[in-house]
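> Return a 3D structure for these sequence lines:
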Amino acid sequence: MGLRERKKEKTRLALLDAALDLFLEQGYETTTVEQIAGVVDVSSRTFFRYFSSKEHLALWWHDHGEEIMQECLRDRPLDEPPFTSLLHCVRAVIADMRNSTPEDTDRFLKVRKLYENNPMLVGRAVARGSQTELRLVEEVARRTGRDPATDQLPALIVGFAMAAMRVGFECPGQEITDLAELTGRMEATLVVVEASFRPGWDLAA
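Alright, predicted model coming up:
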């Protein structure tokens, strides 16, 4: 990164940190873009150079996760079973979480807490995840030579992989306060999934 890029990244992270702290301290609904920008001492106009809305901030992890999965999928061998490729991509997200800086870990856990405090954000996160799934379906269809408009298999492949990721992430019935515990739960979920599918199911004619 050059000096200009480092400065932009510093501002982006400062806005993200200010937003997450305000969301948790005074509530998501009552926090305004102006307040977030004020903490970082920038204008609202500057804020919108980095984020389209405060909801964009609350869903920042989805952008990051999608970028990792898309990059991983592009790098997987074309002759690899598509479900196997997608599970590798989910594991790439898990690896990124495990290799997070302490600051990134803190941000991630704040996002989880934010969702717990604001159930309506969970619905928006699901909607944002659906956008990621649609783009992954397009890529799986391209790699397998299928038409997603008439062939349901690419959507099923992506849907099963992302469902496994969601189950591991949400950890129903458990309070997660440590990233290592969360990533361990996600990996354990993938192991169950791999043992549950017949090899070659994702290559059906």
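> can you pull the contacts of the residue nearest in space to the middle of the chain?
Nearest to the geometric centre of the chain sits His62, at 3.0 Å (CA atoms, centre = their mean). Applying CB atoms under 8 Å, 6 or more residues apart in numbering, one finds that His62 lies in contact with 125, 128-129, 132. No exception for glycine: its C-beta is placed from N, CA and C like everyone else's.
> Could you check how far Thr46 is from Arg135?
Thr46 sits 29 Å away from Arg135, going by CB to CB, to the nearest Å.
> same check, this time on Asp147
16 Å.
> Can you tell me the SS state at the residue nearest to the centre of the chain?
At His62, secondary structure determined by DSSP: H, G, I helix; E, B strand; the rest coil is helix.
> Same check on Glu103?
Going by three-state DSSP: Glu103 is helix.
> List the contacts of it.
Glu103 is in contact with 13, 17, counting by CB under 8 Å, 6+ apart.
> Now the helix or strand harbouring Tyr115: buried residues?
For Tyr115, the host element (DSSP states H and E) is helix 102-117. Buried residues in helix 102-117, counted by 16 or more other CB atoms under 10 Å: 104-105, 107-112, 114-115.
> Average pLDDT for that helix, rounded please.
Taken as a whole, helix 102-117 has a mean pLDDT of 88.
> can you give me how far that helix is from the chain middle?
13 Å (CA atoms, centre = their mean, to the nearest Å).
> quick one, domains of the protein?
As recorded under automatic domain parsing, the domains making up the chain are 3-53, 59-203.
> circling back to that earlier point, which single one of the buried residues of helix 102-117 is nearest to Glu29?
Closest approach to Glu29 among the buried residues of helix 102-117 (CB to CB): Leu114, at 11.7 Å.
> Poorly predicted segments of this structure, please.
1, 171-177, 205 (pLDDT under 70).
> In it, where's the longest helix?
Across the chain, the helix with the greatest residue count (assigned by DSSP state H) is helix 119-144.
> Name the residues of that one that come out as buried.
Neighbour counts using 16+ other CB under 10 Å place 121, 125, 128-129, 132-133, 136-137, 139-141, 143-144 of helix 119-144 among the buried residues.
> Show me what the helix or strand immediately after that helix in the chain is packed against.
The first helix or strand that comes after helix 119-144 along the chain, using DSSP H and E, is helix 153-170. Packing partners of helix 153-170 (3 or more CB pairs under 8 Å, 6 or more residues apart in numbering; DSSP states H and E): helix 82-98, helix 119-144, helix 179-196.
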